[in-house]
Structures are given as C-alpha cells and as structure tokens.
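Student: output the structure for:
(chains A and B)
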Amino acid sequence: MINIINLTKRYGKATVLDSINLIIKKGRTTAILGPNGSGKTTLLKCILGLVNPYQGYITIDSKPIADSDAYRRNIGYMPQSAKFPPNLKVKEVLQLVNHIRNGNGHFKYGLLNPFDLNKEINKKIHALSGGTLQKLNANLAFMFSPDIYIFDEPTAGLDPISNRDFKEIIRKKKSDNSTIIITSHILSEIENLVDDVIFLHEGKIRFNDTLEKLITNTKTDNLENAIASIMEQNHE
Amino acid sequence: MNSTTYKIAGFGIKDFLRNKWSVLYSIFFLLVTEGMFRFSGQSSKVIISMMSITIFIIPLISIIFGSSYFYNSREFIQLLLTQPVKRSSVYQGLFLSVTTTLSLCFTIGITVPLLWRNLDNFTQQISYFYLVISGICLTCIFVGLSFLYSIYNSDKSKGLGMSILTWLFLAVIYDGIVLLIVLLFNDYPLEKVMIALSVMNPIDLARILLLINIDISALMGYTGAVFENFFGNFTAIIFSLTSLFLWVLLPFSLGMRKFQKMDL
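Tutor: Coordinates of the predicted model:
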C-alpha cells in the first residue's frame, strides 16, 4: 500500500501539489488523471523519489520512502519518453540496469518476445525508432517483476500490436496482484484496465474512488465522459 | 565509490568511446602534436607549445562537453534514479565516465606521436608527465564545473552560457585583471596576493606547474615568477599540484551535494 500524507510540492512560487492525502491500495490498478499541468507526473516522481516534497511524506508498506533507496527495487517505472545513451546497444542498456539491480532481471527471455525486441538487441540506441525505444522502456519496467508498476503515458508511441500486448501484460500483472499506477490522456485505452480513479486538478484531488463510483456519480456511461463531466464541474 | 558507480562509468565510457566527437578530440591532439614535432623538431618546444594549447582547449572542450552531456542525459539520469541506487553513485558514475573518456582521448592524442620519438632528457620526460597530469586535472575541474552549473540551471542555454563565460573569464579575462592589479598596486607588496590569485584560477595553476618544471622564466609571467621566488622550484611544483587536486575536488563535491537534493 502506498500512503501519501499531506504532500505538497512547490516549484518557486507555483504550488504543483497541494496537501495531497492519498492511499493507493495494494493489488489495484489506479489511474491518475487530470488536465495538463495538474500535477500527475510530479506525483509519480514524488513516489519514485525523483522530486523532493516541500512538505509531507510517502510510505510504501508503512516504510517512509525518504529513508532508503532500496524500496525502488519493488518498482518498475515506464516514463512518457525514453532517452538512453545513443551509442550503447539495446542489450547493453538492459545489462546496465540489470547490473544495477544486482542481476536478477530476466532480460534474456522475459518480455523481449512479446515486444518483439529480440531482433533489435544488437542495434545501437540511435538506430532505433521512437516506438522501439518505448518498447525498450516498457521492457525495463517489466523485467524485474516488481510488486508496483508506475506507467506515465505508457502507450504514447507504441504501435497497435505493442499497445495490445502491453495491455495484455498489464492484465496479467493485475491477476498476479501487482499494484499498478497509470496516467494517460487516452482514457478509452485504460478504461478496461483500471479499478480506481484519482482525478487531479491544479494540484488538488477532485475525485478519489472506484471507477464504478465515478461513473455512477457523474451519471455517465464511460470513463471519458465521466472525466469530462468532472472537468466541467471544476470550470463552473 | 561502489560497484554501481563503476558499472555506470563503464557503460558510459563505452558509449563515449563510440562517439565520433571523442575520436575527433583524440585525433586533434594527435595531429597537433605530430605537426609540432615535424615543424619544430625539438621536443622541448613541442611540450611548451602543447602546454599553451592544452590549457586553452581542454577547459573549453571539457566544460562544453560536460554541460551538453548532462542536459542531454537528463531522462537517462531519471531512469537510473528510479532504480535502487544511491544518487551519489549515479553522479560519480557519470562524472567518471566523462572525465575518463576525455582524459583518455587527450592522453592517447599527445602520446602516440611520442611512440616513435624520444624525449631529449629526463626534464622533458617529467614535463610530459606534468602535461598529462595538468590535462587530466583541468578535464576533471571543468567537467565538475559544467555538472555544477547544469544542476543549478534547468535551462540548457543558461547553463551552457554560464559554462562558456566561466571558461572565458578564467582563460582570458583573469590574466587581464591580474595585470591590472599589478599595475595599480605596484608600490605595495603583492607576493601573497598574487599567489592567492593564482590559486583561484586552475588554468593559471596548470600553466605555472608546467613552466616551473621547464624553468623558462620568460614565459612564466608575473604570477609564475612570484610562485617560484616565494616557494622555490620544488615546493612550487608540490604546491601547484596540490592546489590543482583540491580544485578537482571542489566543483565535484559541490555538484554532488546539490545533486542529492535535485528535482529531476
């Protein structure tokens, strides 16, 4: 369970996250949604320890994340865009991360096949397309089978087949009781995956409950219309 | 430094050595050194000429290369920091990979032409050694400065601009300021002030280190002469070497401290 307590993040005078209190439940798939600049990526970065909170703290399984870097062993992260050292080969990037994680990744067989990366394994990064880089990115998130997955706009740049494969893996991870946090602007893509929805607007939580409750509360028939309804309420 | 640092550095060096700019950097020093030998024929003159080139080119290339690398690697640094790894290990690994590659390219470039020639005497061999040491120290200092600026400025153009201004100030303007101080206050005892001013500029320190060993007073300049008079030859070399090593540690450790708290 990820517990976010009174989390505030400021960049200069701008408050990006404003006293966020949140519980992300174990074994659930949670979508963090909101318009651009609402604080979604900053919230994910706070969980990953990339950004230092101005105030508040985060615990994972009751342990404060600020105390150690070891908690990230249980996290697989896939950012919006991937950039790797351009002259390294795909296999070298995988080896590097595998070394850092003390060699417990299964990159030789693991998930390279579903993403069709095996034929790219000896290619240099600068020779890869944006979509293939995103597949490599996804592979890095999955290859250590962690308990928690964090995906920031994961399907951007993936071709339809990889997109389908990606969702299939997410479903499998869900059935394995993994905790999954996902942000996306393409709501129809994640509708069938998520259990819970958190809606952020201007750094504050405007909705935090199950998908069913969101749809019932907004009297709509799908996630996209439900989120549109919340956004309209916020504008009013 | 731990094994993660060396792993990150190892893969970083692999990446850089495949970069055409690293190869060009090495070829540049190779061609210049070879050209000097062909035109002057005397190894003592070659070392002096190489010193002049080294103390200008190495800081400039190191500070630009370091800045560009840090900004271009931001997403990769983020990815590394999402792994169970200490921030200090990532910083040290990145620093080691850039400095090792640049130092290696420089050393190979100036050493290869020496392989089929002999340095005239022991003093020249020592001078060559100091040339390599100063080149490596300047590389570490200016890569450290570039990292420090890149950490403080999220805006690439600002960070790169600060880096180039620092080089301009230390390599060009600083000497003018020293000269101005000498002219304005020549009635006062300036020995200690001059030594302090030299210690504050790593490029000056590298120049003094090399020239004291070759013992060419005409090229030593005012600060170099003060250094030699004040300390004597051997102590001046030890003092300038120690100051250079301290300079290596200063931007590196300041950068690492700031990196621990940096938002990425």
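
Student: who's in contact with A:Gly148?
Tutor: Small correction: residue A:148 is Ile, not Gly. A:2, A:60, A:74-76, A:178-181 (CB atoms under 8 Å, 6 or more residues apart in numbering or on different chains). The C-beta positions use only the backbone N, C-alpha and C, and glycine is treated the same way.

Student: would you turn these into a markdown table with distance to A:Ile148?
Tutor: Output for those, formatted as a markdown table (distance: CB to CB, whole Å):
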| residue | distance to A:Ile148 |
| --- | --- |
| A:Ile2 | 7 |
| A:Ile60 | 7 |
| A:Asn74 | 6 |
| A:Ile75 | 5 |
| A:Gly76 | 7 |
| A:Ser178 | 7 |
| A:Thr179 | 5 |
| A:Ile180 | 8 |
| A:Ile181 | 7 |
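
Student: and A:Ile4, helix, strand or coil?
Tutor: For A:Ile4, the secondary-structure state derived from DSSP: H, G, I helix; E, B strand; the rest coil is strand.

Student: circling back: wait, which of the contacts of A:Ile148 is closest to B:Leu81?
Tutor: The shortest approach to B:Leu81 among the contacts of A:Ile148 belongs to A:Ile75, at 11.5 Å (CB to CB).

Student: buried subset of the contacts of A:Ile148 as a ChimeraX selection?
Tutor: Buried members of those, identified by 16 or more other CB atoms under 10 Å in any protein chain shown, are gathered into one ChimeraX selection as follows:
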select /A:2,60,74,75,76,178,179,180,181
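
Student: how about residue 59, nearest residue that isn't a chain neighbour?
Tutor: Defaulting to chain A. A:Asn3 (4.6 Å; CB to CB, 6 or more residues apart in numbering or on different chains).

Student: switch to chain B, please.
Tutor: Nearest to B:Pro59 is B:Phe142, by CB to CB, 6+ apart, at 4.5 Å.

Student: doesn't A:Arg206 lie inside a helix?
Tutor: No - assessed with three-state DSSP, A:Arg206 is strand; it does not lie in a helix.

Student: what about it, distance to A:Ile20?
Tutor: 11 Å (CB to CB, to the nearest Å).

Student: ranges for the helices of chain A?
Tutor: A:40-48, A:90-100, A:130-142, A:160-175, A:187-190, A:211-218, A:223-235 (DSSP state H).

Student: save those as JSON lines, and put in mean neighbour count, mean pLDDT and distance to chain B too.
Tutor: Output for those, formatted as JSON lines (neighbours: other CB atoms under 10 Å in any protein chain shown; pLDDT from 0 to 100; distance: least, CB to the nearest CB, whole Å):
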{"stretch": "helix A:40-48", "mean neighbour count": "23", "mean pLDDT": "92", "distance to chain B": "5"}
{"stretch": "helix A:90-100", "mean neighbour count": "21", "mean pLDDT": "89", "distance to chain B": "5"}
{"stretch": "helix A:130-142", "mean neighbour count": "22", "mean pLDDT": "87", "distance to chain B": "7"}
{"stretch": "helix A:160-175", "mean neighbour count": "16", "mean pLDDT": "85", "distance to chain B": "17"}
{"stretch": "helix A:187-190", "mean neighbour count": "17", "mean pLDDT": "78", "distance to chain B": "21"}
{"stretch": "helix A:211-218", "mean neighbour count": "16", "mean pLDDT": "83", "distance to chain B": "27"}
{"stretch": "helix A:223-235", "mean neighbour count": "16", "mean pLDDT": "79", "distance to chain B": "27"}
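
Student: now render those helices as CSV, adding distance to B:Phe39.
Tutor: Conversion of the helices of chain A to CSV gives the following (distance: least, CB to CB, whole Å):
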stretch, distance to B:Phe39
helix A:40-48, 56
helix A:90-100, 42
helix A:130-142, 48
helix A:160-175, 59
helix A:187-190, 67
helix A:211-218, 77
helix A:223-235, 73
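
Student: sounds good, over and out.
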